[in-house]
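> Return a 3D structure for these sequence lines:
(chains A and B)
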Amino acid sequence: MTVNLSLLETLDFDDDGFLADANAWNKEIGAAIASVLEIDLTEDHWKVIDFARKEYTENDDAPTLRRITRTLNITTKDLYAMFPGGAAKIAAKVAGLPKPTGCI
Amino acid sequence: MSDVLSKIKGQSSSSSGEKPRKLAIIASKGSLDMAYPPLILANAARMSGIECDIFFTFWGLDLVSKKKIGKVNISTVGNPAFSMAPYAPWFKIPTWLGIIPGMSKVATWMMGREIAKLDFPPIPEFMELVADAGVKLYGCLMSMDMMGLEEEDLIDGATALGAMEFMELTEGAQVLFV
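Numbers count the residues shown, from 1 in each chain, chains lettered A, B, ... in the order given. Model prediction:
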């Protein structure tokens, strides 16, 4: 996917760098956010992002990391390696979801 | 870099150049209710990208002991807040009732069930989860000597450490005593 960073300039982000309107997200925006965070998106990343988006749309809440690892059969170690700098926070950023507030 | 891009990166102008945040937790209790707070906080730290170490000392050592980690119970005596919440929160369990044999097992079972409902893992799985998330686990050397434990008695991923070494390791960290 070609990355278009100027796309991000037209969008609103909160003070912590999370996309203000989750509905404004699309894959191109996700790829641009990932490139700012220096993450090379693989198929597994997209699995996590798609799952998080789906759960968010259905439950109005991003899934917990434990739910992600159990449902997608990804180990906790791998998930942290995929989204360095705090798996929950960084995955939510790339997926265009609000800052996670859960405890697990 | 534009404002938007630095915001996404999480580099506000005030935080640039500062050392990354670090948390050190001292876990000194070996009961179920006191095992969760250090684990939940350590996990939350890692989820937010904060470095975290846990030092298990005294009764907290049970939480990283291979033999004891699966047998962590609640104490039913000496806790004035102990009640039948969420079933009957108005019923405070008096200490004399708490000494009845089996009370601790029942209370532990009930709390375990409530915790599972919230999708929090049981202690052994939670410990593995935080270790996989990058939390470093240390058994207090002095407590280990006192309780006759060797490093191989600790769960995988946990190592023995002296108090002074822990001080060196946690330089600049925020320290939390549980």
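> What residues does chain A have near chain B?
Selection of chain A residues close to chain B by CB under 8 Å from any CB of the partner chain yields A:5, A:8-9, A:11, A:13, A:15-17, A:33, A:36-37, A:64-67, A:75-77, A:80, A:85-90, A:93, A:100, A:103-104. C-betas here are computed from N, CA, C, even on glycine.
> Are any of the residues you listed buried, and if so which?
A:5, A:8, A:11, A:13, A:17, A:33, A:36-37, A:64-67, A:76, A:80, A:85-90, A:93, A:100, A:104 (16 or more other CB atoms under 10 Å in any protein chain shown).
> Out of the residues of chain A next to chain B, which sit inside strands?
For the residues of chain A next to chain B, not one is inside strands, with DSSP state E as the criterion.
> residues touching the residue nearest the centre of chain B, list them.
Compute the mean C-alpha point of chain B, and by CA atoms, centre = their mean the closest residue is residue B:38, 2.7 Å away. Contact partners of residue B:38, counting by CB atoms under 8 Å, 6 or more residues apart in numbering or on different chains, are B:25, B:27, B:54, B:60, B:176, B:178.
> Select from those the one having the most neighbours.
With neighbours taken as other CB atoms under 10 Å in any protein chain shown, the top of the contacts of residue B:38 is residue B:27, carrying 29 neighbours.
> pull the helix or strand with minimum mean pLDDT from the chain.
Since you didn't name a chain, this refers to chain A. For chain A, using mean pLDDT, DSSP states H and E, the weakest element among its helices and strands is helix A:6-9, scoring a mean of 86.
> was after chain B, sorry
For chain B, judged by mean pLDDT, DSSP H and E, that is strand B:83-84, with a mean of 82.
> which stretch of helix or strand covers the residue nearest to the centre of chain B?
helix B:32-47 (DSSP states H and E).
> What average pLDDT does the helix ranked longest in chain A get?
Scanning chain A for the helix with the most residues, using DSSP state H, yields helix A:43-59. For helix A:43-59, mean pLDDT is 93.
> buried residues in that helix?
For helix A:43-59, using 16+ other CB under 10 Å, the buried residues are A:45-49, A:51-53, A:55-56.
> From the rest of the structure, what touches that helix?
So helix A:43-59 is in contact with A:22, A:25, A:30, A:34, A:39, A:61-63, A:67-68, A:71-72, A:74, A:78-79, A:82-83, A:91-92, A:94-97, going by CB under 8 Å, 6+ apart.
> can you map out the helices along chain A?
Using DSSP H, helices in chain A cover A:6-9, A:27-36, A:43-59, A:65-72, A:76-82, A:87-94.
> Chain B too?
Assigned by DSSP H, the helices in chain B fall at B:3-9, B:32-47, B:95-98, B:103-117, B:123-132, B:141-147, B:163-169.
> Write out the residues of chain B neighbouring chain A.
B:2, B:4-5, B:7-10, B:12, B:40, B:43-44, B:46-50, B:118-121, B:129, B:132-134.
> what pLDDT does the residue of chain A found nearest chain B get?
Per CB to the nearest CB, residue A:86 is where chain A lies closest to chain B, at 2.8 Å. pLDDT, residue A:86: 89.
> surely it meets residue B:52?
No - using CB atoms under 8 Å, residue A:86 makes no contact with residue B:52, being 11.1 Å away.
> Need the residues touching each of those two.
Joint contacts of residue A:86 and residue B:52 (CB under 8 Å, 6+ apart) are residue B:46.
> Could you measure from residue B:18 over to chain A?
The gap separating residue B:18 from chain A is 15 Å, by CB to the nearest CB, to the nearest Å.
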